[in-house]
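Peer 1: Provide a 3D model corresponding to the input given below.
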Amino acid sequence: ISLKVSAEDSPEKNAFGLTKAEVVALSGAAISTALIGAAIFLYDTDFVQETLYADGLGYNDGLSLGDATGALLWGISLYFVSPLQTLLLFLGKTDTDRPSDAVITAVGKVAGLPVDAADYEAPLPVRLSAGAFFLGAGVIVASFFDWAFGESTWAISTGLGSCLIAAVYELGRPKRLTVEEQMELDVQWSDF
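Peer 2: Below you'll find the model as predicted:
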């Protein structure tokens with residue numbers, strides 16, 4: 001058995017020799033570092049810590065920045081990987097479908113869109129409603145951690161961990177077929 005790697009299989013690199021995934025990761029790290037640095041520089045460190053770790057969803061003030069951050073992190077994570085997929089990742093199993101794919105398909109069916117068509121591309125309102133669904137799920141998870149432990153630190157730290165697992169899962173997720181590849185396989189299957 002020989003494995004041949006063609007130029008088509010290797011990711012495209014920009015002028016600096018970086019792939020698209022590396023550019024996205026480095027940009028995200030630079031932007032988040034700049035935002036945290038700006039917040040610390042512009043505000044007193046005690047103010048930043050009180051804002052991040054305030055008792056938000058629990059019993060006092062309502063939603064804190066820490067609660068919102070934890071909810072956002074959990075929403076992003078749940079958009080890309082379910083808790084079951086996370087468990088199966090550690091057992092060596094991966095899946096091509098994201099949890100968001102199921103929600104987008106369900107919303108498309110409710111809206112009467114042709115979701116079974118090979119060339120179906122979900123419109124922006126359907127994708128936004130799926131994103132809102134997972135943001136709501138993130139709020140529920142953050143609320144649970146706030147209720148269970150009394151502070152938003154747990155929602156943030158577990159949300160970060162879950163986002164890292166989702167990123168690892170996304171990097172190892174099997175390649176999805178394009179519309180043209182899927183149509184070609186459908187033709188081959190019908191000829192068979």
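
Peer 1: surely Gly159 meets Trp74?
Peer 2: Yes: judged on C-beta atoms under 8 Å, Gly159 makes contact with Trp74 at a distance of 4.6 Å. Placement of C-beta: from N, CA and C, glycine included.

Peer 1: quick one: common contacting residues for those two?
Peer 2: Applying C-beta atoms under 8 Å, 6 or more residues apart in numbering, one finds that Gly159 and Trp74 are jointly contacted by 138, 141-142.

Peer 1: Filter the residues you listed down to the ones in strands?
Peer 2: Judged by DSSP state E, the shared contacts of Gly159 and Trp74 include no members of strands.

Peer 1: least confident pick among those residues?
Peer 2: Scanning the shared contacts of Gly159 and Trp74 for pLDDT, the smallest score is found at Ala142, 89.

Peer 1: can you tell me how far that one sits from Ile165?
Peer 2: 17 Å (C-beta to C-beta, to the nearest Å).

Peer 1: Tell me which of the two has more neighbours.
Peer 2: More neighbours surround Ala142 than the other of Ala142 and Ile165, with 29 against 18 (other C-beta atoms under 10 Å).

Peer 1: Just list the residues touching the more buried one, thanks.
Peer 2: Residues in contact with Ala142, defined by C-beta under 8 Å, 6+ apart, are 57, 67, 70-71, 74, 152, 155, 159.

Peer 1: Closest one of those residues to Val115?
Peer 2: Trp74 (26.6 Å; C-beta to C-beta).

Peer 1: before we move on, the earlier item: can you flag which of the shared contacts of Gly159 and Trp74 belong to helices?
Peer 2: Among the shared contacts of Gly159 and Trp74, the ones falling in helices (DSSP state H) are 138, 141-142.

Peer 1: From the residues you listed, pick the one nearest Ser190.
Peer 2: Closest approach between those and Ser190, by C-beta to C-beta: Gly138, at 42.1 Å.

Peer 1: so what's that closest one up against?
Peer 2: Applying C-beta under 8 Å, 6+ apart, we find Gly138 in contact with 70-78, 159.

Peer 1: Can you lay out the contacts of Ala142 as a markdown table showing secondary structure, pLDDT and distance to Ala130?
Peer 2: Output for the contacts of Ala142, formatted as a markdown table (DSSP: H, G, I helix; E, B strand; the rest coil; pLDDT from 0 to 100; distance: C-beta to C-beta, whole Å):
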| residue | secondary structure | pLDDT | distance to Ala130 |
| --- | --- | --- | --- |
| Leu57 | coil | 46 | 24 |
| Asp67 | helix | 84 | 22 |
| Gly70 | helix | 89 | 20 |
| Ala71 | helix | 91 | 16 |
| Trp74 | helix | 93 | 15 |
| Ser152 | coil | 81 | 25 |
| Ala155 | helix | 89 | 22 |
| Gly159 | helix | 92 | 19 |
